[in-house]
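*Asks:* dropping the sequence and predicted coords here.
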Amino acid sequence: MEPGAGAALSWSPGAAPQPPPALAVKLGSLVMLLLVPLACGLAPLWCFRQPPDPRSPVLSLVSCFSGGVFMGTFLLDLLPDYLDSIAAALEGLRVTLQFPLPEFILAMGFFLVLVLEQATLAQRELAEPPEESRALLPNGSIQGAAPGSSGGSGVSPAPPGAPGALRAGALALALALHAVLEGLALGLREGEAAALRVLLALLLHKGAVAFGLSLELLRSRLRPPAVASCLALLALMSPLGVGVGTALAVGAGPRQRLCRAVLEGLAAGTFLFVTFLEILPQELGVPRNRIPKVMLILAGFALVSAILFVKG
């Protein structure tokens, strides 16, 4: 009998090969990253007749915890793996650099999200009346005033129209592109523990982002079908990024490894932006619940550290 014959006889005719653990996590994440943000985004449509304050204490505390998870995921997991991956890819191609290319790619991921966000905010500000002209307008004709603003009694919110729909669509598109890059970070993970860590960070953050986007769209007086369409677009982008990253992760050649490393660096740059420019400054700049916020940031960082210590 040949050496491999016994192993061949151990397979039953109807047995199907089991996917690797990391691939099984990624397949499950496709469903979770689709349903969790969609459910969080649709919750305001089901629960609130009037849109609540998106900076509620509960949402703020959850965002602080996700900020700690993102910080730990970036500093302890994504950044070291990315630097090792791009160094191995450049070594396989026998490329010697005099320029800090890994750090440059990381900065490009950071600046990509920064440009998208600031361009969206600039578009919104151009469509709003200047502060000087708001005092000259009648109270009933102020467009885009937030509910409860100090513009005087009788201030009515802007009715649904083309400018509001354009701004809302630009905001949803920017978040959708952001979600694709975040999904790439999960799809490019090779280990089961690493994939679970990134999945936890994405679920926490994307749920809060979808909830906040829904509140913003409701405040802009968009109709529920339009809000649901924007939320569906946002929910589909992270699974799309996971699928693209998973497909790229199977490449074994040096050029494929370099492409994966570049995309991984761009995705890590989005984590850097989300943590240090999107979550922590906004949450810690509000003078409420400072000690609980710091405790939850530390708890999120400690959770990632514990998972790395146990699984690594």
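*Replies:* Arrived safely, thanks for sending.
*Asks:* what comes up buried for the helix or strand containing residue 296?
*Replies:* Of the helices and strands defined by DSSP states H and E, residue 296 is found in helix 290-311. Along helix 290-311, the positions that meet the burial threshold by neighbour count (16 or more other C-beta atoms under 10 Å) are 293, 296-297, 300-301, 303-304, 307-308. For every residue, glycine as well, the C-beta is placed using N, CA and C.
*Asks:* what does it contact?
*Replies:* Outside helix 290-311, the residues within contact range by C-beta atoms under 8 Å, 6 or more residues apart in numbering are 60-61, 64-73, 76-77, 193, 196-197, 200-201, 204, 280, 283-284.
*Asks:* how about the contacts made by residue 273?
*Replies:* Listed by C-beta under 8 Å, 6+ apart, the contact set of residue 273 reads 109-110, 113-114.
*Asks:* same thing but at 6 Å, please
*Replies:* 110, 113 (C-beta atoms under 6 Å, 6 or more residues apart in numbering).
*Asks:* give me phi/psi at it?
*Replies:* The phi and psi values for residue 273, taken as degrees, to the nearest 10, are phi -60, psi -50.
*Asks:* same question for residue 285.
*Replies:* Residue 285 has phi and psi values of phi -80, psi -10 when expressed as degrees, to the nearest 10.
*Asks:* so which residue is smack in the middle of the chain?
*Replies:* For the chain, the residue nearest the mean C-alpha position is residue 179 (4.6 Å; C-alpha atoms, centre = their mean).
*Asks:* name the element it belongs to?
*Replies:* Take DSSP H and E as the rule and residue 179 turns out to sit in helix 162-187.
*Asks:* my read: residue 73 touches residue 201, true?
*Replies:* Yes: under the criterion of C-beta atoms under 6 Å, residue 73 is in contact with residue 201, at a separation of 4.7 Å.
*Asks:* on that earlier part again, same question for the helix holding residue 179, mean pLDDT?
*Replies:* Per-residue pLDDT values across helix 162-187 average out to 69.
*Asks:* right, and the helix or strand after that helix?
*Replies:* Read in the C-terminal direction, the helix or strand following helix 162-187 is helix 192-219, with elements assigned using DSSP H and E.
*Asks:* just checking, what packs against that following helix?
*Replies:* Of the remaining helices and strands, those touching helix 192-219 by 3 or more C-beta pairs under 6 Å, 6 or more residues apart in numbering; DSSP states H and E are helix 21-47, helix 57-73, helix 162-187.
*Asks:* number of nearby residues for residue 63?
*Replies:* 25 (other C-beta atoms under 10 Å).
*Asks:* name the nearest residue to it, sequence neighbours excluded.
*Replies:* Of all residues beyond its chain neighbours, the one nearest residue 63 is residue 208 (5.1 Å), with distances taken as C-beta to C-beta, 6 or more residues apart in numbering.
*Asks:* that's all I had, so thanks and see you.
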